[in-house]
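Participant: Based on what follows, work out the 3D shape:
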Amino acid sequence: MRRVMEDVPLLDDLMPWSVAPLRLGRSWVVAPDVRTLKSRWDALVRAEGDEREALFGPTRARTLTSSVAALPGQRTGTARFAREAGPCPQPVRLAHGPFDEQWLLPDHRLLDVARPELWRVADERQLFAVEQGYVPQAPGPALLVTGALPDGRSPAGRPGRIRPLYRRPGGREPNLAPGLVELLGARYGRAVAPEEVLAWAVAAARPSPAGCAVPLPADPAVWAAGVAVGRRMTDVQLRGARGGERPRLPGGRRPYVRAALPARPAALAYEAGEETLLVGDGGRIAPVPAEAWDYRVGGVRVLELWFAHRTAPAGPGTLDAVRPAAWPQEWTSELLELITVLTLQAQLEERAPDLSGTDTLTRACLRAAGVLPAPEAARRPASVLDSEEEGPEGQLALL
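Facilitator: I've put the predicted structure just below:
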């Protein structure tokens, strides 16, 4: 059956359970480095009374007297934060928007809407598919994947949804429409693993007003080629997580610091002729391919967004203003890796599956096979009772 755009399956059809983006409520709970978060925590718990409240930044969802349970898997305090005087909880890795990994204070008392159902299934086997906001005519991928807990932020447009690959910890119960892998296996003449479906989606997904569209080929050779590209994209985006290798460019094309970055770079620019990234006054990194500099998500240049997250001014007297006095060496290493990731991602996108003129499995096909509509139970989180969770004021949470 020839593809009809309005009948292309959506990721929502294929991976029915999804979670809305996190709403942190206060920006200071996220930082590019762990030391900054610990310094912010220490400043907050040293403060008292009105000063603590002002630094905290109360919202309707969270105040110093909010009573909430601990996040699944996190051993943090559950007493009201007005009485908190203990040490900083160990920060966790956070996918803070596209291609940016930072750190988060995993204390439920500090987060307006933390989506505990995501924390419950986050482990060393889990992968999260993160839809990107749809912006008409804007370049950029429709779908990214991460092993870190994602906040679902979108640099432009309405944020998409977060879809875990597995509904339970330990890589159990794939978050796929019942019968989907069996249908694909029958079409392609071999068993299809859940990881293949995600890899195909990463390579083939396209943005649309209705959501993230994922055309499915009828030809097993097209499927296999697309899955191979998607697996490589996934490896690049995971940056060595889940047992993979850290992304590297061929010798001679790897970016290096050609002139030391200043202590406080204020701007980022690019010299196309020299393939050089200019970082502040005098800092130079090269070679930086044009596809890395120009790479955008939702129409927003990723390198500029990443830099702004680390250098944007913060109001004096706020916890956001607690940050490194000088540009840390680890940020330079992360910038070099980001350049590598964006270069490889752009190159892989040139190899994305071309389904023009190819028979595809439409939503009508999936309905006829009984795959769609997915049952309502598949759209709800699974009941996960693998471990106890601490409720407010140290009580055992009832799940």
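
Participant: Only the buried residues of the helix or strand hosting L305, if you could.
Facilitator: Under the assignment given by DSSP states H and E, the secondary-structure element containing L305 is helix 302-311. For helix 302-311, the buried set under the neighbour-count rule, 16 or more other Cβ atoms under 10 Å, comprises 302-307, 309-311. C-beta here means a position set from N, CA and C on the backbone, and glycine is covered the same way.

Participant: That helix packs against which elements?
Facilitator: Using 3 or more Cβ pairs under 8 Å, 6 or more residues apart in numbering; DSSP states H and E as the contact criterion, the secondary-structure elements in contact with helix 302-311 are strand 268-271, helix 329-349.

Participant: Next, the distance between the ends of stretch 57-73.
Facilitator: 25 Å (Cα to Cα, to the nearest Å).

Participant: From F128, how far off is D107?
Facilitator: Relative to F128, D107 is positioned 21 Å away (Cβ to Cβ, to the nearest Å).

Participant: swap that for P255, sorry
Facilitator: According to Cβ to Cβ, P255 stands 27 Å off from F128.

Participant: Could you tell me the phi and psi values at P141?
Facilitator: Recorded main-chain torsions at P141 are phi -70, psi 150, according to degrees, to the nearest 10.

Participant: tell me which element G315 is part of?
Facilitator: In this structure, G315 is located outside every helix and strand according to DSSP H and E.

Participant: isn't it right up against A321?
Facilitator: Yes: with contact defined as Cβ atoms under 8 Å, G315 counts as touching A321 (6.5 Å).

Participant: which one of these two has more residues nearby?
Facilitator: For the pair G315 and A321, the greater number of neighbours falls to A321 (13 against 8), based on other Cβ atoms under 10 Å.

Participant: picking that back up, between all of the buried residues of helix 302-311, which two are separated the most?
Facilitator: The span of the buried residues of helix 302-311, defined through Cβ to Cβ, is set by V302 and T311 at 15.1 Å.

Participant: Let me see the contact set for D123.
Facilitator: With Cβ atoms under 8 Å, 6 or more residues apart in numbering as the criterion, the residues that contact D123 are 169-170.

Participant: how about JSON lines for the buried residues of helix 302-311, with pLDDT and distance to L184 added?
Facilitator: Compiled in JSON lines, these are given as follows (pLDDT from 0 to 100; distance: Cβ to Cβ, whole Å):
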{"residue": "V302", "pLDDT": "97", "distance to L184": "32"}
{"residue": "L303", "pLDDT": "98", "distance to L184": "37"}
{"residue": "E304", "pLDDT": "98", "distance to L184": "39"}
{"residue": "L305", "pLDDT": "97", "distance to L184": "36"}
{"residue": "W306", "pLDDT": "98", "distance to L184": "36"}
{"residue": "F307", "pLDDT": "98", "distance to L184": "41"}
{"residue": "H309", "pLDDT": "96", "distance to L184": "39"}
{"residue": "R310", "pLDDT": "97", "distance to L184": "42"}
{"residue": "T311", "pLDDT": "96", "distance to L184": "46"}
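
Participant: what separates the residue of the chain most remote from its centre from E124, distance-wise?
Facilitator: Counting by Cα atoms, centre = their mean, the extreme residue of the chain relative to its mean C-alpha position is G49, 36.1 Å from that point. For G49, the distance to E124 equals 42 Å [Cβ to Cβ].
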